[in-house]
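> my questions concern the predicted model and sequence given below.
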Amino acid sequence: MVNYYRPAGIAEALSLMASHGGNYVLMYQPPRAKHVKEWLSGDIIDLSEAGLDQVSVKNNELVIGSMVSIETLYRADAIRGLADGLLSQAAKVSATQAMRNLATLGGVLMNPVFPAEIILALLVLDAQVLVTDSATPEIRIPIEKFVAEANPKLPRGSLLAGVAIPLNEKLKGVLERVARTRSDTSIVSVAVTADGTLNNPKIAIFGASPLPKRYHAAESLLASNPLTEASIEQCLERIPEDTQAVSNYRGSAEYRQAMAVVLTRRALLSLKKS
């Protein structure tokens with residue numbers, strides 16, 4: 001028999017987790033429905049009333065709770081005002097409105113392959129994942145480290161509290177993607193950011209590799225050079241070196257690798273013109 005709990009705060013949630021000795025499932029709703037067997041592998045702890053559904057600004061950071069809906073990621077003014085609305089745009093294309101209202105940021109973080117655009121935005125925004133347990137109110141994990149595997153694992157006895165994103169009013173951002181239809185899952189998607197002087201651009205790509213990832217080698221060629229058409233082309237030469245594209249029914253590996261270059265060029269040129 002599976003029991004269902006809805007704790008009225010983080011402390012109560014952590015207490016329930018401790019009493020169950022690991023035999024529980026934290027209910028972070030992803031945008032893609034889970035098979036019922038995944039929910040029934042232990043008692044269910046629903047975090048919807050745990051106070052993790054807020055968007056706030058603290059210490060020059062934007063803090064987004066793990067139970068914030070994807071629809072809120074799309075509509076919240078504080079999120080729309082960051083990096084030309086990059087994270088907001090990513091949320092909008094991630095799912096239908098019905099699923100955006102149901103799914104949460106925590107569900108995306110725990111299932112980073114879908115929808116990849118939100119993860120890409122968090123990667124180039126230098127987000128940190130916030131985790132808490134009964135002994136430590138806040139543990140920070142760089143988003144790049146947290147999503148290094150297709151199924152991120154939380155430390156035993158801890159829960160996902162949300163993410164923190166450094167605030168930079170001058171940060172610019174661009175999201176590019178290609179899909180079979182506008183509302184379909186992307187075949188390849190790219191997110192880039194740069195500061196107000198177009199220095200230190202950051203590039204993240206999904207679809208040319210199994211997981212969303214930062215392309216540090218390509219970034220390094222732009223870190224100390226002005227963002228020009230020539231420097232962009234030099235940067236793009238490094239993209240195929242970091243790709244591990246796999247063919248499937250949405251596109252061949254060759255197509256995915258080529259589109260990673262095309263979309264990165266498009267995004268960087270858009271930054272240059274902004």
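Sure thing, it's come through. Numbering: from 1, shown residues only.

> drop to CA atoms for contacts and neighbour counts, all remaining ones
Noted.

> pLDDT below threshold where in the chain?
Flagging of the chain using pLDDT under 70 yields the residue ranges 32-41.

> change it to 80
For the chain, residues meeting the criterion pLDDT under 80 lie at 1, 22, 30-42, 114-115, 182-183, 224, 274.

> now the strands for it?
Under the criterion DSSP state E, the chain carries strands at the ranges 4-5, 24-27, 43-46, 55-58, 61-65, 128-132, 139-142, 159-166, 172-179, 186-194, 202-206, 213-214.

> got TSV for those, with mean neighbour count and distance to residue 245 too?
Shown next, in TSV, are the strands of the chain (neighbours: other CA atoms under 10 Å; distance: least, CA to CA, whole Å):
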stretch	mean neighbour count	distance to residue 245
strand 4-5	14	41
strand 24-27	19	32
strand 43-46	20	36
strand 55-58	15	35
strand 61-65	22	32
strand 128-132	23	27
strand 139-142	15	24
strand 159-166	23	29
strand 172-179	22	15
strand 186-194	26	10
strand 202-206	27	10
strand 213-214	23	12
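
> can you give me the helices in the stretch 151-274 of the chain?
For the stretch 151-274 of the chain, the helices defined by DSSP state H, counting those that start in this stretch cover 216-223, 229-236, 253-273.

> out of those helices, which comes closest to residue 79?
Proximity of the helices of the stretch 151-274 of the chain to residue 79 was assessed by CA to CA; the nearest stretch is helix 253-273, lying at 19.1 Å.

> what's next to the closest one, contact-wise?
Where contact means CA atoms under 8 Å, 6 or more residues apart in numbering, the residues beyond helix 253-273 that reach it are 172-177, 187-194, 198, 203, 205, 207-208, 227-229, 232-233, 236, 239-240, 243, 245-247.

> ditto for stretch 178-185
Residues outside stretch 178-185 that contact it (CA under 8 Å, 6+ apart): 93-96, 115, 186-189, 250.

> with those in mind, which one is nearest to residue 125?
Residue 125 has its nearest neighbour among these in residue 189, at 15.6 Å by CA to CA.

> ok, that closest one to residue 211 distance?
Between residue 189 and residue 211 the distance is 11 Å, computed by CA to CA, to the nearest Å.

> also residue 124?
Summarising the geometry, the distance separating residue 124 from residue 211, computed by CA to CA, is 15 Å.

> so between those two, which is more surrounded?
residue 124 (26 against 21; other CA atoms under 10 Å).

> what pairs with the closest residue to that one other than its chain neighbours across the strands?
The shortest distance from residue 124 to any residue that is not its chain neighbour, by CA to CA, 6 or more residues apart in numbering, is 5.4 Å, and that residue is residue 202. Each beta-bridge partner of residue 202 is listed here: residue 193, as defined by DSSP bridges.
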